[in-house]
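Trainee: Here is a sequence together with a model predicted from it:
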Protein chains: 2
Amino acid sequence: MEQPRWLDEREARVWQAYLAVNRELHSALERQLVRDSGLSNADYALLAPLSEAADGVVRSRELGALVGWERSRLSHQIGRMEKRGLVAREECVEDARGSMVRLTPTGRAAIESAAPAHVETVRRYVFDALSADEVEVLDRVFRRVLDRIADGG
Amino acid sequence: MEQPRWLDEREARVWQAYLAVNRELHSALERQLVRDSGLSNADYALLAPLSEAADGVVRSRELGALVGWERSRLSHQIGRMEKRGLVAREECVEDARGSMVRLTPTGRAAIESAAPAHVETVRRYVFDALSADEVEVLDRVFRRVLDRIADGG
DNA sequence: CAACAATTGATGACACGTCAACATCTTGCT
DNA sequence: AGCAAGATGTTGACGTGTCATCAATTGTTG
């Protein structure tokens, strides 16, 4: 690392604002979810793709890919949700290493009851504040940043 | 909750992209920090404002305000950093309830050695990918979202 | 000043996330 | 077939984040 290329004033402000949005949005959504339906952001992240799958059954590996989580994180979260009866683990027929995750009736009821208020909250805090042009800029920008991170180091 | 106003296709895509940026950026930065300097994002978040304060001493309450953390989170993190010798707690003279946080020489060495590579990583993943116009849009958008969340409910 | 309220910080319990290590199974190579 | 390499999932340890609660102190108000 030679001469560090520091952030200029505007960049530093935007970076701090990004960190703040992260923090505040995450905790606002978590509070709303827990209060209105007893689900956490982590619960919701898994229940959403499960509820969209045929029969509410998804292979663990694929569920991980859908939400972008590592195996260990996924396994721990599924374990916690299993204890509360939101999902159930089943053996995988095609691949004896694998494990299937099944959405229980309790889990389906939970996500269906949570979704409207959750989406409404996202809309209220985020999309109601944005013009169509701004949404388009965000789309491009987020995708570009993701590409950069994926392109390694 | 009457008719839920669902997100349209583009909004849903952008929301997923936002969640992915969060996830990937946070973990990429964490990995870089831990690898190159043994600090976590949480460590860095506290060391940065401490290193900019006169004498490296900040009252706990104010440090919390600077980084936007709740008291409990701050107290736990300071405790962990104190164990590793990065900061030290001292009594507060003006207010016997309070507690002062002091950056130790070890802590200062850590943040000064970590900062250049960390900033370089933020620049590489984020700001090098953005035009000046896009940075300006992000500035406005982030601020508007923060205002909405702060305006309660 | 006394009583009540608010602020500040610490703590324990528990949820969440990451890493390294492990067991098990599948795949690919020879 | 047989073996090495990779894939899949789980586990334990530990760092991180939130909530409820507590103790101590300060602020406010009658």
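Mentor: Happy to help now that I have it.

Trainee: can you give me the strands for chain A?
Mentor: A:57-59, A:87-91, A:99-103 (DSSP state E).

Trainee: near DNA strand C, anything from the second one?
Mentor: No. Remark: strand A:87-91 sits outside contact range of DNA strand C, by Cβ under 7 Å from any atom of the strand, the gap being at least 9.7 Å. For glycine as for every other residue, the C-beta is placed from the backbone atoms N, C-alpha and C.

Trainee: now that strand, how far from the centre of its chain.
Mentor: Remark: strand A:87-91 is offset 21 Å from the chain centroid, using Cα atoms, centre = their mean, to the nearest Å.

Trainee: now do the first one
Mentor: Remark: strand A:57-59 is offset 17 Å from the chain centroid, using Cα atoms, centre = their mean.

Trainee: follow-up on the earlier one: possible to save the strands of chain A as TSV with mean pLDDT, distance to A:Pro4 and mean neighbour count?
Mentor: Converted to TSV, the strands of chain A look like this (pLDDT from 0 to 100; distance: least, Cβ to Cβ, whole Å; neighbours: other Cβ atoms under 10 Å in any protein chain shown):
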stretch	mean pLDDT	distance to A:Pro4	mean neighbour count
strand A:57-59	98	45	18
strand A:87-91	98	47	16
strand A:99-103	98	45	21
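
Trainee: With B:Leu25 as the reference, name the closest of these.
Mentor: Closest of those to B:Leu25 is strand A:57-59, at 26.2 Å (criterion: Cβ to Cβ).

Trainee: So which elements touch the closest one?
Mentor: strand A:99-103 (3 or more Cβ pairs under 8 Å, 6 or more residues apart in numbering or on different chains; DSSP states H and E).

Trainee: Quick check: neighbours of the strand it packs on in the sheet, parallel or antiparallel?
Mentor: Applying DSSP bridges, strand A:99-103 is found paired with strand A:57-59 (antiparallel), strand A:87-91 (antiparallel).

Trainee: With distance to A:Asp36 added, can I get the ones you listed in a markdown table?
Mentor: Conversion of the strands paired with strand A:99-103 to a markdown table gives the following (distance: least, Cβ to Cβ, whole Å):
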| stretch | distance to A:Asp36 |
| --- | --- |
| strand A:57-59 | 25 |
| strand A:87-91 | 20 |
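
Trainee: Just send those strands back as JSON lines, with distance to DNA strand D too.
Mentor: Shown next, in JSON lines, are those (distance: least, Cβ to the nearest atom of the strand, whole Å):
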{"stretch": "strand A:57-59", "distance to DNA strand D": "5"}
{"stretch": "strand A:87-91", "distance to DNA strand D": "5"}
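
Trainee: residues of the helix ranked longest in chain A that come out buried?
Mentor: For chain A, the helix with the greatest residue count under DSSP state H is helix A:9-37. The neighbour-count check on helix A:9-37 (16 or more other Cβ atoms under 10 Å in any protein chain shown) flags A:11, A:14-15, A:17-25, A:28-29, A:32-33, A:37 as buried.

Trainee: Which residue lies closest in space to A:Asp55, excluding its sequence neighbours?
Mentor: Leaving aside its chain neighbours, A:Asp55 sits nearest to A:Arg102 (7.9 Å; criterion: Cβ to Cβ, 6 or more residues apart in numbering or on different chains).

Trainee: Not counting its neighbours along the chain, what's nearest A:Gln77?
Mentor: Nearest one to A:Gln77, counting by Cβ to Cβ, 6+ apart, is A:Ala42 at 5.4 Å.

Trainee: Which pLDDT does the model give the one you found?
Mentor: With respect to pLDDT, A:Ala42 has a value of 98.

Trainee: swap in A:Leu47?
Mentor: 98.

Trainee: Would you mind confirming that it is in contact with A:Thr104?
Mentor: No. Counting by Cβ atoms under 8 Å, A:Leu47 stays clear of A:Thr104, with 10.3 Å between them.

Trainee: which residue is nearest the middle of chain A?
Mentor: A:Ala45 (4.3 Å; Cα atoms, centre = their mean).

Trainee: residue contacts, that one?
Mentor: Counting by Cβ atoms under 8 Å, 6 or more residues apart in numbering or on different chains, A:Ala45 touches A:67, A:69, B:19.

Trainee: Name the nearest residue to A:Glu24, ignoring sequence neighbours.
Mentor: A:Glu24's closest residue in space is B:Ile149 (Cβ to Cβ, 6+ apart), at 4.8 Å.
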